[in-house]
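[1] Requesting a structural model of the entry that follows:
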Amino acid sequence: MSTRIVFSEGPSVTVNTDAEEVKTTLGKDKRSGEPFTYFEAQGGRDVYVAAERVAYVEQISSTATR
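    Take a look at the predicted model:
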């Protein structure tokens, strides 16, 4: 499944990771002081997310159309 990460400023990115794993990984990195968390975005791009800028994460159903 994919997850949309929505930033507090409004933009979003969709990553190839389950929402629960995104939440856990962002929280772990934030607690450890890691400034960015790595994910693979849809399309295979590398994306680095600053956890303190995330407003929310949203699981995207594999059957959803956009």
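
[2] so when I look at residue 23, I'm seeing a helix, right?
    Yes - according to DSSP: H, G, I helix; E, B strand; the rest coil, residue 23 belongs to a helix.

[3] which stretch of helix or strand covers the residue lying closest to it once chain neighbours are set aside?
    In space, and not counting its chain neighbours, residue 23 is closest to residue 57: 5.8 Å by C-beta to C-beta, 6 or more residues apart in numbering. Using the backbone N, CA and C atoms, a C-beta is placed for each residue, glycine as well. Using DSSP states H and E, residue 57 falls within strand 54-60.

[4] Pull out the buried positions in that strand.
    54, 57 (16 or more other C-beta atoms under 10 Å).

[5] same question, stretch 19-27
    Quick answer for stretch 19-27 (16+ other C-beta under 10 Å): 19, 22, 23, 25, 26.

[6] now these in CSV, with distance to residue 47?
    Output for these, formatted as CSV (distance: C-beta to C-beta, whole Å):
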residue, distance to residue 47
19, 15
22, 11
23, 16
25, 13
26, 12
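
[7] tell me which of these is nearest to residue 39?
    Nearest to residue 39 out of the buried residues of stretch 19-27 is residue 22 (C-beta to C-beta; 7.0 Å).

[8] dump the residue contacts of that closest one.
    3, 5, 15, 39, 57 (C-beta atoms under 8 Å, 6 or more residues apart in numbering).
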